[in-house]
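>>> only geometry, no sequence info:
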């Protein structure tokens, strides 16, 4: 009977070690893929970010077509700005303020999510350390 128990215990130990090795491989693979996946996600979000509606306002004037294209890409030169009316400049300033506020809110949300993920990771590392003792 004791031999039967030790055989069953060996089987359990082997299963545990096999499962542990599989989990380690999965974790290593997930960690290796985390950075490229995050970069791809950031690229997709960057592409999905809407273009400034100010470009449409500036484009209403035919002579401003080039400026409108530069504004969409956020690359305006001093001479472009010199040719704009104060009203157009104020619209651009207001749009930039709105975008700054939006990006700040997005940053705060991302930092909060990062902190939560760090806490989860720390908790998992403690759990793993407890299991390996």
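Thanks, I have it. Everything quoted here is computed from the prediction, not taken from an experiment.
>>> pLDDT of the strand or helix carrying residue 94, averaged?
Per DSSP states H and E: residue 94 is located in helix 86-132. Along helix 86-132, the predicted local confidence has a mean pLDDT of 91.
>>> now the residue nearest the centre of the chain: how far from residue 79?
For the chain, residue 42 is the residue whose C-alpha lies nearest the centre (C-alpha atoms, centre = their mean; 4.9 Å). Between residue 42 and residue 79 the distance is 34 Å, computed by C-beta to C-beta, to the nearest Å. In this view, the C-beta of every residue, glycine as well, is placed from N, C-alpha and C.
>>> same deal with residue 123?
According to C-beta to C-beta, residue 123 stands 56 Å off from residue 79.
>>> quick one, the helix or strand containing residue 17 and helix 86-132 angle?
Remark: residue 17 resides in helix 2-48, with elements defined by DSSP H and E. Helix 2-48 and helix 86-132 meet at an angle of 170 degrees, taking axes from the mean of the first three to the mean of the last three C-alpha atoms, to 10 degrees as the criterion.
>>> neighbours around residue 128, how many?
Look at residue 128: counted by other C-beta atoms under 10 Å, it has 14 neighbours.
>>> Same check on residue 88?
Other residues near residue 88 number 19, with proximity taken as other C-beta under 10 Å.
>>> Could you report the neighbour count for residue 84?
A total of 18 residues lie near residue 84 under the criterion other C-beta under 10 Å.
>>> how far is stretch 80-90 from where the chain is centred?
Computed by C-alpha atoms, centre = their mean, to the nearest Å, the separation of stretch 80-90 from the middle of its chain amounts to 35 Å.
>>> Now it: buried residues?
Buried residues in stretch 80-90, counted by 16 or more other C-beta atoms under 10 Å: 80, 84, 88.
>>> Could I get those residues in a markdown table, plus columns for distance to residue 15?
Formatted as a markdown table, the entries for the buried residues of stretch 80-90 read as follows, by distance: C-beta to C-beta, whole Å:
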| residue | distance to residue 15 |
| --- | --- |
| 80 | 70 |
| 84 | 72 |
| 88 | 71 |
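>>> Can you tell me the SS state at residue 84?
Classification of residue 84 using DSSP: H, G, I helix; E, B strand; the rest coil returns coil.
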